[in-house]
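A.B. asks: What shape does this take:
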Amino acid sequence: MLDYVFLDIFETFSRDEIKSFRRFILSPYFNRSSKVVKLFDQIIKYHPNYENSNLTKENLHKKVSPELAYNEITIRRLLFDLQNLTGKFARQLNFEKKPVENASFMTEEIGTRGAGKMFYKNVKAAHSKLDDLGYVNSETCLSRFKLETDQFYFGMINNKVNKKTFVESEAKRLIGGITYLISYFMLEAIKHNDVLLTYSRSFNVKHNEKVISEFINLFDFERLEIFMKKNSMIGNFILEVYLNALKTFLYFDNEFYYREFKKSLYKHMHQLSLNDNNFLFSKLEGYCILKAKNNSLARHYDNEVFGIYKTFLKEKYYETETNKYIAVDLYRNILLKVIKLKELSWLEDFIQNYGIHIHPKRKTDIVNFSYALLYFERNSFDESLGYLSRIKLDEFSYNLDVKNLYIRIYYERGNYDTAMASAKALRKFINENTMVSENMKAGQENFSKFMIKLINYHNTNSKTDIISLNQQIKKTSDFPGRDWLLNKTRTLDKPIRRAI
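C.D. replies: Numbering: from 1, shown residues only. Reported below is the predicted structural model:
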């Protein structure tokens, strides 16, 4: 079987892209080897599944050079050439998708040659392309910075300076370029520090949180905001939305900033890029999830985030410019939140309509888990167990969820010994695994602790006080399986209270 990294790219090729790639490698500008074309023609016959025992270097050599004895070095060179061409083709595809960057690179090249008329014509065309996008983001700010500064320095080198008004207009151009660069910095600094913070908290890497805090403290974002409102040449709405996002988490306990963030985002979402909407709606989601950990606020914020998820899905903000698949963490969050709200009909539609948008390599297991949860909520425990049995436990974020659900199914089926052993195994697993975040560890620890107590209620030797257990669970902030445990203890509590 052939083991080359370019096959991962081949797997993603559509029918049209296969044709385009063949035209690409037929071009003598990129490739002068007819044998590379023959090699591609043989490999692409296996599309889209290249894990075939017949796809070997020996068999390919026979097809490409039937008149020659097998030569390992020759076939490896051809495969290496094909791999390089695949990389160039991917780069070309990406380049063609970015007309603004395309124009910017052209402006830079023309500028080095001092071709004034063509330079200014291309600068004008690049600005028009930016205007036609219909949105502002950090990348457009960076592009405008490059255009303004390239134009300034081209003029300084190639144009005669004979009027003060010319100097003033050119200075204004450079100042404009600087404000675009500041806009780019502010947007990227807020975005990537937030991403790093979230990532570090998810996997319990505390050192990064200190670095982020020290970085944020270097800058006075409120003074930058005042400066940019006065001098910025872009629409201030994008800075407003991003700064509102920052304030929402800086002043977490004051819901006013969340409402301002949400209002500004919904007002301007159609003026923002797909990437920005993906990021910013994720921030709204994250705020609601954190707030919902407070039991007294949980119902309000659960419904709030459900509305955000509907917008996420309707507007396809789960996509980015480089990824058309729904992120597995977002899918999981929607799944668990809808289960909590008992919106089971909506959930079934969600699985059918959006399960197909999970990455193909992860889709099968996640969809199986989705149906396992759905059938569990409908008390169809055998069907739920059937879906669970099809899952390979190699997706870390779902691994604990699967273990959690198995334990609840064992309990519902009356397999208390198996449920007890599994609950203890879960507790051992989370305590020994250093990659489990503190939040995830606390949640699953609470579940296993209360689960063991619930199982002990059915043990005549060490019977649990079910009324006390119900109160303990109520006082504990949200964790996986909490609502189910509350329901179980409440159900067992009723006959006790009647007897009293």
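
A.B. asks: Residue nearest the middle of this protein, spatially speaking?
C.D. replies: For the chain, the residue nearest the mean C-alpha position is residue 327 (4.9 Å; Cα atoms, centre = their mean).

A.B. asks: you'd agree that residue is up against residue 318?
C.D. replies: Yes. Residue 327 is within contact range of residue 318, at 6.6 Å (criterion: Cβ atoms under 8 Å). Every C-beta, even on glycine, is put in place using the N, C-alpha and C of the backbone.

A.B. asks: which residue ranges form the helices in the stretch 351-500 of the chain?
C.D. replies: Using DSSP state H, counting those that start in this stretch, the helices of the stretch 351-500 of the chain run over 360-377, 381-388, 396-412, 416-432, 438-457, 466-475, 482-499.

A.B. asks: Kindly state which of those is positioned closest to residue 218.
C.D. replies: Residue 218 sits nearest to helix 438-457 of all the helices of the stretch 351-500 of the chain, at 26.9 Å, using Cβ to Cβ.

A.B. asks: With just CA atoms, put that closest one into PDB.
C.D. replies: Output in PDB follows, covering the C-alpha atoms of helix 438-457 (Å, rounded to 0.1, in the frame of the first residue of the first chain):
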ATOM      1  CA  GLU A 438      -9.800  21.000  36.000                       C
ATOM      2  CA  ASN A 439     -13.400  21.800  34.900                       C
ATOM      3  CA  MET A 440     -13.800  18.500  33.200                       C
ATOM      4  CA  LYS A 441     -12.200  16.600  36.100                       C
ATOM      5  CA  ALA A 442     -14.500  18.300  38.600                       C
ATOM      6  CA  GLY A 443     -17.600  17.600  36.600                       C
ATOM      7  CA  GLN A 444     -16.900  13.900  36.000                       C
ATOM      8  CA  GLU A 445     -15.600  13.500  39.600                       C
ATOM      9  CA  ASN A 446     -19.000  14.800  40.800                       C
ATOM     10  CA  PHE A 447     -20.900  12.500  38.500                       C
ATOM     11  CA  SER A 448     -18.900   9.400  39.600                       C
ATOM     12  CA  LYS A 449     -19.200  10.400  43.300                       C
ATOM     13  CA  PHE A 450     -22.900  10.900  43.200                       C
ATOM     14  CA  MET A 451     -23.400   7.800  41.000                       C
ATOM     15  CA  ILE A 452     -21.600   5.600  43.500                       C
ATOM     16  CA  LYS A 453     -23.900   6.900  46.300                       C
ATOM     17  CA  LEU A 454     -27.000   6.300  44.100                       C
ATOM     18  CA  ILE A 455     -26.000   2.700  43.400                       C
ATOM     19  CA  ASN A 456     -25.300   2.200  47.200                       C
ATOM     20  CA  TYR A 457     -29.000   3.200  47.800                       C
END
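
A.B. asks: helices or strands up against that helix?
C.D. replies: helix 164-202, helix 396-412, helix 416-432, helix 466-475, helix 482-499 (3 or more Cβ pairs under 8 Å, 6 or more residues apart in numbering; DSSP states H and E).

A.B. asks: 7 Å instead?
C.D. replies: helix 396-412, helix 416-432, helix 466-475, helix 482-499 (3 or more Cβ pairs under 7 Å, 6 or more residues apart in numbering; DSSP states H and E).

A.B. asks: Can you give the contact residues for that helix?
C.D. replies: 204, 400, 404, 407, 411, 416, 419-420, 423-424, 426-427, 430, 462-464, 466, 469, 473, 476, 479-481, 485, 488-489, 492 (Cβ atoms under 7 Å, 6 or more residues apart in numbering).

A.B. asks: count of residues packed around the residue nearest to residue 410 when sequence neighbours are not counted?
C.D. replies: Take residue 410 and drop its neighbours on the chain: the residue closest to it by Cβ to Cβ, 6 or more residues apart in numbering is residue 419, 3.8 Å away. Using other Cβ atoms under 10 Å, residue 419 has 23 other residues around it.

A.B. asks: Could you list which residues are in contact with residue 419?
C.D. replies: Taking Cβ under 7 Å, 6+ apart as the test, what residue 419 contacts is 407, 410, 411, 455.

A.B. asks: quick one on the thing from earlier: lowest average pLDDT across the helices and strands packed on helix 438-457?
C.D. replies: Least confident of those, judged by mean pLDDT, is helix 482-499 with a mean of 76.

A.B. asks: what number of residues lie near residue 224?
C.D. replies: So residue 224, with other Cβ under 10 Å, has 17 neighbours.

A.B. asks: And the helix or strand where it lies, what does it pack against?
C.D. replies: Residue 224 belongs to helix 221-231 when assigned by DSSP states H and E. Helix 221-231 sits against helix 164-202, helix 237-250, with contacts defined as 3+ Cβ pairs under 7 Å, 6+ apart.

A.B. asks: Name the stretch among those helices that sits most buried.
C.D. replies: Highest mean neighbour count among the helices and strands packed on helix 221-231 (mean count of other Cβ atoms under 10 Å): helix 237-250, with a mean of 22.

A.B. asks: which residues sit against that helix?
C.D. replies: For helix 237-250, contacts defined as Cβ under 7 Å, 6+ apart pick out 136-137, 183, 186-187, 190, 221, 225, 228, 232, 257-258, 260-261, 264-265, 268, 271-272, 280, 283, 287.

A.B. asks: Compare the helices of the stretch 351-500 of the chain and give me the one nearest residue 333.
C.D. replies: Residue 333 lies closest to helix 396-412 among these, at 10.1 Å (Cβ to Cβ).
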